[in-house]
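Asks: Show me the folded form of this:
(2 chains, ligands or ions: 2)
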Amino acid sequence: MKTVDIVERIEGEAKLVCQWDKKKISDVKIQFLNFRGFEFILKDKPILDALVYTPRICGICGQAHLKATVEALENIYKNHNEELTLTNKAKLLREIGLNIEIIDSHIKWFYMFIMPDIVKFSQNSLDEYSPLKGKKWLESSSVASETIKSLAIIGGQWPHTSYMIPGGVISDPTLLDLVSMQNYMDQAIRFYEDSLVGIELDNYLDFKKSEDLYKVKGDLKDFITISFENEFEKIGKSYNRQLVLGDSLSFEKGKVNRKLIKNIDYENIEELSINSFDIDKSKVSKEAYTWSKTALYANNFYETGPLARAVVQNRSFVSDVHKHYKDSMFTRVLARMDELGFLLHKTKQLIKQIDINEESYIKPKVSLSDFKYGVGQGSVEACRGSLYHDVEIENGKISKYDVITPTVWNLGPGVDGKLSTSQKAIVGSDSLEKAKLILRSFDVCSVCTTH
Amino acid sequence: MNSKIKKPKIVWLQAITCNGNTHSLLSANANRLKLFLDSFDLVYHPSLTTDILLDDLLEKEEEIDFLLVEGAITSNKEFFQISDQTTSEVLKKLVLKSKYLIAVGSCASYGGVHKKFEQNSDIFGLEEALDKKDISSLVHPIVNLTGCPVHPEWILQTLFSLKEYKQMPLDEKGRPKEIYSYLAHHGCTRNEYFEWKVEAKSFGLKEGCLFYGQGCRGPMTHSNCNKILWNDVNTKTRAGMPCIGCTEFDFPRNNMLETKKNIGIPDEVPLGVSKRAYLSLAGVAKTFKIDRLNEKIIK
Ligand code: SF4
Ligand code: SF4
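Replies: Ligands and ions are numbered 1, 2, ... in the order given. Predicted coordinates:
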């Protein structure tokens, strides 16, 4: 038996084509049928215009694209032995902005994208979670819109600012601006404490063992209860391999393939299009079924995202939960909400570290268009996982731009008989509803994938 | 609120988009968003509602009061499809059930960033994607809420005002006059620097105007960003990022982060000002060296 199902209420749309055998999913194809051609759009554009274009790859993680672009462009300087000096303040302002965007996304994701489906599995009717009307839905959207103001203070607006440029950032916040940003963080922390986990953030961050799951109160407890009632800790398991490409003050790069290795070499990244459409029809194979490409690291499929980040960084609570429940759907969702708490705490600290007397921006001595040719890479941790940009410039123009988004890592098509991370997670499911939940647990961004 | 009065029905369609307008709406002032949700019935939004799917919506014969479209339209199915149909097919079916059609963002209005994907030559804004017979059920010309993304307040003000007054005056590009008669320049905290022709020495400063070096299009861009502010707190130009003219027909342009100049003089001058008038005034302004404007604001 075969079923074809359209999944909405992710960022964009995806199609889930399942083969069934003895009431279980025996094979699955995740199709992204849309293509927006950003890599083609960027070709031949003036170099710095990439800073305006790439945030528009995605309305929810635009700042991650911006940061990847600016780092890729700065990498070109470095490759010409003209490395730019960035002040600590500029570095901090960039990372803080990106973290705020992740915080905003995680809040919205839990309440708007996954809980409406999770509560369907509950024995109780949890109307408070119902979209657009439920108390919790409304509260979360209100908190998210308050939180993002702190990014607007340094970026001017959100979504879609290009406040990071080679050499630093464009804004120069005052101390009072920073205090307001702290205030917005504190408001979000209150929400995390009062509504999401029901205990103080400091106490939550002290959790070390998976038994601590029972200390969680609030809305996350609803999730945990429903999960154990429905055995979500047993479904959605994949290769249990994790990858983090981006390095920052908040996250560490590394990979886990049985062992944890902190050394990452971009040379090991490979992008394949064996099962993907191409705008050059002569290159499209018979098997092609999606616009998403396949991303491999050292020939293997990896999962990226909050779970990977927690495990690579060895944050004790999630790592212990992961030890018990592996890369299950449950662990994945829990890791994302844990990361929310972690980032709220971290970002507040980072704001505190800013020295307003430093420069925001140091003008590069040479302009990128002075280089006849150049290549550069940038990699950052976005809401949904590792994001990688690879740019090539020639005579003042972009000659090539390649983007590998987190959703490509997680939800791209398998190749050579090997299932991709999400395919492997879904195969074996005994209902379509569960398969969709597993898909959702990766926090799918079809918009990004179909860049 | 009188619950007996039927709330106007809204359908939100996503075509070729980054979803930025959706996230802009979700970032609206929370009280305003709540009032909006109380006053209208958002029956369908692909990423927010759960009750119905697009297919159900297309099958149902029901009337839609406001059809909001985010993203550009194409009839090319290879590159873009939703629920197995082209965005153009879906759009046409929905428009026929609708009274008002609102383009949310520059892509839906004119194609925007997505129209730059030239390998698909079939990408359009709503106006171009529809012909006369497609829009026969509309009771009002298409409203273009440009911006990349749109400001959430523009959506809310437009909907509330159409609900109350049934119509609103539009400019020659289909945009509500009350929003787009202003320039992004109006209300920028750097206005005094503009007056006295004090340019920002570089990015990353509170001081100086971004018109002379950083490419600011505030004086040529129709929008009230600096009048109503973004996220209730700021704007790009106030923060230090040039206006990139995202509400205009020609967005995105080339070289958006630098000013095109000719022998040191900006190629384009503020809207409606003659080059001669601009140059005379600039010449005079520059003869005065005003210390306060050449020092740090906060010393
Ligand atoms: S920065 Fe731009 S918007 Fe602000 S005053 Fe200068 S020209 Fe006007
Ligand atoms: S200031 Fe200019 S670029 Fe920024 S949102 Fe307003 S119109 Fe668009």
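Asks: Any figure for the gap between the residue positioned nearest the centre of chain B and residue B:218?
Replies: Centroid check for chain B by C-alpha atoms, centre = their mean gives residue B:147 as the closest residue, at 1.8 Å. Here residue B:147 is placed at a distance of 14 Å from residue B:218 (C-beta to C-beta, to the nearest Å). C-beta here means a position set from N, CA and C on the backbone, and glycine is covered the same way.
Asks: how about the residue of chain B found nearest ligand 1, what does it touch?
Replies: Ligand 1 sits closest to residue B:218 of chain B, with a gap of 2.4 Å, by C-beta to the nearest ligand atom. By C-beta atoms under 8 Å, 6 or more residues apart in numbering or on different chains, the contact list for residue B:218 reads B:183, B:184, B:185, B:188, B:210, B:211, B:226, B:237, B:242, B:243.
Asks: Go again with 6 Å.
Replies: By C-beta atoms under 6 Å, 6 or more residues apart in numbering or on different chains, the contact list for residue B:218 reads B:184, B:185, B:188, B:237, B:243.
Asks: Next: residue B:236.
Replies: So residue B:236 contacts A:156, A:157, A:161 (C-beta under 6 Å, 6+ apart).
Asks: What subset of the residues you listed is buried?
Replies: A:156, A:157, A:161 (16 or more other C-beta atoms under 10 Å in any protein chain shown).
Asks: Retrieve the pLDDT associated with the first one.
Replies: Yep, that's residue A:156 we're talking about. The score at residue A:156 is 98. That number is its pLDDT.
Asks: Residue 147: what's it in contact with?
Replies: Going with chain A. A:103, A:104, A:184, A:188.
Asks: look at chain B instead
Replies: B:246, B:247.
Asks: how many neighbours does residue B:76 have?
Replies: 17 (other C-beta atoms under 10 Å in any protein chain shown).
Asks: all strands of the stretch 301-450 of chain A, in order?
Replies: Using DSSP state E, counting those that start in this stretch, the strands of the stretch 301-450 of chain A run over A:373-382, A:385-394, A:397-404.
Asks: Need the per-residue pLDDT for residue B:74.
Replies: On the pLDDT scale, residue B:74 gets 95.
Asks: for residue B:182, same thing?
Replies: For residue B:182, the predicted pLDDT is 98.
Asks: Let me know whether it touches residue B:222 as I believe.
Replies: No. Assessed by C-beta atoms under 6 Å, residue B:182 is found out of contact with residue B:222, at 7.0 Å.
Asks: Just the buried residues of the helix or strand encompassing residue A:93, please?
Replies: Using DSSP states H and E, residue A:93 sits within helix A:88-108. Applying a neighbour-count criterion of 16+ other C-beta under 10 Å, one finds A:89-108 buried in helix A:88-108.
Asks: in the chain, which ranges drop under the pLDDT threshold?
Replies: You didn't pick a chain, so chain A it is. Counting by pLDDT under 70, the low-confidence segments of chain A come to A:10-12, A:446-449.
Asks: wrong one, I was asking about chain B
Replies: Using pLDDT under 70, chain B drops low at B:1-4, B:61.
Asks: that older thread, want to throw the contacts of residue A:147 into a markdown table with distance to residue A:374?
Replies: Formatted as a markdown table, those follow (distance: C-beta to C-beta, whole Å):
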| residue | distance to residue A:374 |
| --- | --- |
| A:103 | 34 |
| A:104 | 34 |
| A:184 | 38 |
| A:188 | 40 |
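Asks: Helices along chain B, start to end?
Replies: Here chain B has its helices, by DSSP state H, at B:20-26, B:30-39, B:54-59, B:87-95, B:106-110, B:112-115, B:126-129, B:152-165, B:177-180, B:191-195, B:225-228, B:236-239, B:275-287, B:291-294.
Asks: Tell me which other helices or strands the third one touches.
Replies: Here helix B:54-59 touches no other helix or strand, going by 3 or more C-beta pairs under 6 Å, 6 or more residues apart in numbering or on different chains; DSSP states H and E.
Asks: Tabulate the CA atom coordinates of that helix in PDB.
Replies: This file holds the C-alpha atoms of helix B:54-59, laid out as PDB (Å, rounded to 0.1, in the frame of the first residue of the first chain):
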ATOM      1  CA  LEU B  54      -6.000  24.000   1.400                       C
ATOM      2  CA  ASP B  55      -7.900  21.300  -0.500                       C
ATOM      3  CA  ASP B  56     -10.900  21.600   1.800                       C
ATOM      4  CA  LEU B  57     -10.900  25.300   1.300                       C
ATOM      5  CA  LEU B  58     -10.800  25.000  -2.500                       C
ATOM      6  CA  GLU B  59     -13.700  22.600  -2.500                       C
END
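Asks: from the contacts of residue A:147, which single one is nearest ligand 1?
Replies: residue A:184 (24.7 Å).
Asks: Distance check, that closest one against residue A:216.
Replies: 24 Å.
Asks: circling back: within reach of chain B, which of the contacts of residue A:147 are there?
Replies: Among those, not one lies near chain B by C-beta under 6 Å from any C-beta of the partner chain.
Asks: quick check, nearest of those to ligand 2?
Replies: The closest of these, once distances to ligand 2 are taken by C-beta to the nearest ligand atom, is residue A:104, at 18.5 Å.
Asks: does that closest one really touch residue A:145, like I thought?
Replies: No. Taking contacts as C-beta under 6 Å, residue A:104 lies outside contact range of residue A:145: 8.4 Å.
Asks: so how many other residues sit close to the closest residue to residue A:333 other than its chain neighbours?
Replies: Nearest residue to residue A:333, sequence neighbours excluded (C-beta to C-beta, 6 or more residues apart in numbering or on different chains): residue A:441, at 5.5 Å. Neighbour count of residue A:441, defined by other C-beta under 10 Å: 28.
Asks: pretty sure residue A:441 is in contact with residue A:331, am I right?
Replies: No. Using C-beta under 6 Å, residue A:441 is not in contact with residue A:331; the gap is 8.9 Å.
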